[in-house]
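[1] no sequence for this one, just the structure:
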């Protein structure tokens, strides 16, 4: 239909809803026809998700930025005695949310934090429980596979026990971060101190078994090869075949500013961001939603990404800090009206949802 | 629009057939951005293959003091305003000295305000001065709006004014000042400058004299979608008649610091849609330019996948759009432009004003 002959076989597979192979994925990364790639991803998006685009009215709560893991791609993590280091008390965490509650539509919280050297699992759990007690009407999504692996190590509890306790304290879904690239070569170089690829996958698998849905992500544009990107997507696809518990997939382009790694790596181009989005949509045939995370991508890229396979634009966010420490130039929050407009201008139907993609309000 | 009409329009776009205004409205409403991009990309490849053009140029904005006071403009100011400036002969000379050092400089682009007291000779002498300093560099100068202003000041016809400028060394006209070629819209956004008829008359006169021009649209302010699309058809009709347009440029309106600052800058979706739809509608214009200064570099690069085949130039120092809050840099390098093009899987071609490749560039 549109492709140069070179990709006609892949186009046929996509139109026939056949699964793409690793080799197909690698070839797609060599394709320069971005309009064709986008169009293919958009055709798949239409079939799988229809015209609704999800967003949340949410608030990010980052309990602490003090972190022992010192990942080379991170600008957020700090040592205890560094300038700007903080660790919220229970009251401070509650106050962040109280401020965000000024928006009457606030639906939920996204809680992701550093691996604090002195905090026990109970310290994290106490804060989660307090947020849940104080704001029972807000959904609670939080903690990545990396944090949960850390909790298991510091508490001596199994992953399953940790997850059960978090669930009992009010956690409803697990955030998708910390997957980075699920390759031990890459992780040894960039984030040797935190969860390995297998550990990250094990957390997701266990959560799914307990009926807790999780998100998944990929941090790209640093030292990984194209093959490693494709292998990462296939690992997630295999996990999803097994459990079906992944709700949405998020592409994170690496933001180099203020990171150790950033001195030698240039930021990805919009071109790379959009083709990666499209190829993720095409490879992840069993994950329903693809998120264009505007905080990282910037609003213009996120809006265009809605044509490249994305059907989720994340949320209003309310004071994002992790990525703004890494030089993100996007605003730290967007109004709901603005998110609705971005989605509508792209000809799609905005729908506010909770952390498990239940629709709260839609704007046809 | 009925489903049938949309289907028909999509089929025409896919085949690269000539679109009617009805077809364009149907495609606009259908809003299938990536479909439009695929069709536009095909048309681009028919016209220029894998080539993407850029040039090494310098902008000169002689003055920002302007009698026309257009509500859409953040650049102009009145005489006596502390932002006001006028470049005199020695100021221009300084820029030219600097320009002489630029390797393979291909073009000087001169666009300015309509100054209340500077006469036609002032502008004419700048052209002569540039020609004398840089005899091998093309001079692309004065939008039809300025040419109409010269004609009104001197009492000469537009054609006479153009002849005099051509004799002084002018090679082509830039495409600005077209905004939306509709007098309802112009009355609101630029009531005091060239009307639709005057803009068209000037362009046709230039083409008749063998002066090639560009053309443009300024979209995303008070115009309706129909007015916006009709504008493109007006340009296509002119081109059918004269064949004198080289390139088309779509300018998104930047509202900051203008009298229309209550409006919002349209989104990236709309920008890319305009690039793709322009490529499809303007089937008789060779080149569609993604002007990185206005779009930002990432969107300009993306536009290469949506039908654009020209990134404009290195520029040097841009003033007009930066007054309206553009956050892009004011200049870039040949290497940077070439890299953007290569990364998009296309072939960078350094060009002169007339799209002749400059061989030494590689």
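    Received, thanks. As the structure is a prediction and not an experimental result, all values here were calculated from the model. Residues are numbered from 1 along each chain as shown, chains lettered A, B, ... in the order given.
[2] tell me, how many neighbours does the closest residue in space to residue B:171 that isn't next to it in sequence end up with?
    Nearest non-adjacent residue to residue B:171, counting by C-beta to C-beta, 6 or more residues apart in numbering or on different chains: residue B:138, 4.3 Å away. Where C-beta positions appear, they are placed from N, C-alpha and C, glycine not excepted. Using other C-beta atoms under 10 Å in any protein chain shown, the number of residues around residue B:138 comes to 21.
[3] Next: residue A:27.
    Residue neighbour count, defined by other C-beta under 10 Å, stands at 18 for residue A:27.
[4] any idea how far residue B:34 is from it?
    For residue A:27, the distance to residue B:34 equals 19 Å [C-beta to C-beta, to the nearest Å].
[5] what does residue B:338 give?
    Going from residue B:338 to residue B:34 by C-beta to C-beta gives 27 Å.
[6] Which one's more surrounded, those two?
    Using other C-beta under 10 Å as the criterion, residue B:338 and residue B:34 rank with residue B:34 on top: 29 against 19.
[7] so what's that one up against?
    Residues in contact with residue B:34, defined by C-beta atoms under 8 Å, 6 or more residues apart in numbering or on different chains, are A:35, A:38, A:39, A:41, A:42, A:307, A:308.
[8] Skipping its backbone neighbours, what lies nearest whatever residue of chain B ends up closest to chain A in space?
    Nearest residue of chain B to chain A, counting by C-beta to the nearest C-beta: residue B:345, 2.3 Å away. With C-beta to C-beta, 6+ apart as the criterion, residue B:345 has its nearest non-adjacent residue at 2.3 Å, and that residue is residue A:32.
[9] wait, what's in contact with the one you found?
    By C-beta under 8 Å, 6+ apart, residue A:32 lies in contact with B:344, B:345, B:346.
[10] Buried among the residues you listed? Need that as a selection in PyMOL.
    Buried members of those, defined by 16 or more other C-beta atoms under 10 Å in any protein chain shown, are picked up in PyMOL with:
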select buried, chain B and resi 344+345+346
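[11] residues in contact with stretch A:251-263?
    Applying C-beta under 8 Å, 6+ apart, the external contacts of stretch A:251-263 come out as A:72-75, A:177, A:190, A:217-223, A:265-268, A:272-273, A:276-277, A:280, A:290-293, A:296-297, A:323, A:325-328.
[12] swap that for stretch A:74-92, sorry
    With contacts defined as C-beta under 8 Å, 6+ apart, stretch A:74-92 is touched by A:61-67, A:69-71, A:96, A:114, A:116-119, A:126-127, A:130, A:255, A:257-259, A:262, A:321-323, A:325-327.
[13] can you check stretch B:214-222 too?
    B:72, B:140, B:172-180, B:185, B:188-189, B:203, B:228, B:231-232, B:235, B:238, B:245-253, B:255, B:260, B:263, B:265-266, B:270, B:274, B:278, B:285, B:289.
[14] Report pLDDT for the residue in chain A that chain B sits nearest to.
    Closest contact between chain A and chain B, by C-beta to the nearest C-beta, is at residue A:32 (2.3 Å). Residue A:32 carries a pLDDT score of 91 in this model.
[15] Wasn't it part of a strand?
    No - counting by DSSP: H, G, I helix; E, B strand; the rest coil, residue A:32 is not part of a strand but coil.
[16] Roughly how far does it sit from residue A:151?
    Residue A:32 sits at a distance of 45 Å from residue A:151 (criterion: C-beta to C-beta).
[17] same check, this time on residue B:241
    Using C-beta to C-beta, we find residue B:241 at a distance of 74 Å from residue A:151.
[18] Next to chain A, which bits of the stretch 151-300 of chain B? Give me the list.
    B:266, B:267, B:268, B:269, B:270, B:271, B:272, B:296, B:298, B:299 (C-beta under 8 Å from any C-beta of the partner chain).
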